[in-house]
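In: No letters, just coordinates:
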């Protein structure tokens, strides 16, 4: 549309398009919040959560019952939940592996230091005998 208005139209059309695009991107980013982040924010300490895989002919039935009980309903596609849980599990495995490697390296360094101290003590004893 901006092309029909000449150079000024292109400039205004481009600026309007960028503004509209950034607003849409902001909305998408908010909608794409992680499942785990949503759950962590929604589930407060001392409360109970129920994770359900369900097929609903209409959302009103569950929503009205949860409202009556004072609860909230958060709906996410199963594939999103499964993918995020799998990614979180993999990240946990990687972090545990890295922690074990670091701990092993620290233990080796401590052992090496102790061995070196023993060697230094033995050298000192030998020098004092000589």
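Out: It's in. Note that the structure is predicted; figures quoted are calculated from it, not measured.
In: Where does pLDDT dip in the protein?
Out: Residues of the chain meeting the criterion pLDDT under 70: 1-32, 130.
In: hmm, 90 instead?
Out: Counting by pLDDT under 90, the chain has low-confidence residues at 1-59, 61-62, 65-66, 69-89, 91, 125-130.
In: Give me the longest helix you can find in this structure.
Out: helix 78-129 (DSSP state H).
In: which helices and strands does that helix pack with?
Out: In terms of contacts (3 or more C-beta pairs under 8 Å, 6 or more residues apart in numbering; DSSP states H and E), helix 78-129 is packed against helix 35-42. Where C-beta positions appear, they are placed from N, C-alpha and C, glycine not excepted.
In: just checking, next helix/strand downstream of the helix it packs on?
Out: Using DSSP states H and E, the helix or strand that follows helix 35-42 towards the C-terminus is helix 60-69.
In: ok, how many other residues are close to residue 34?
Out: When neighbours are defined as other C-beta atoms under 10 Å, residue 34 has 13 of them.
In: How is this protein divided into domains?
Out: 1-32, 34-76, 77-130 (automatic domain parsing).
In: How far away from the center of its chain is the last one?
Out: For domain 77-130, the gap between its own C-alpha mean and the chain's C-alpha mean amounts to 25 Å (C-alpha atoms, centre = their mean, to the nearest Å).
In: follow-up on the earlier one: okay, angle between the longest helix of the chain and helix 35-42 too, please.
Out: Here helix 78-129 runs at an angle of 90 degrees relative to helix 35-42 (axes from the mean of the first three to the mean of the last three C-alpha atoms, to 10 degrees).
In: Residue 114 versus residue 126, what's the distance?
Out: According to C-beta to C-beta, to the nearest Å, residue 126 and residue 114 sit 19 Å apart.
In: likewise residue 46?
Out: Distance from residue 46 to residue 114, by C-beta to C-beta: 47 Å.
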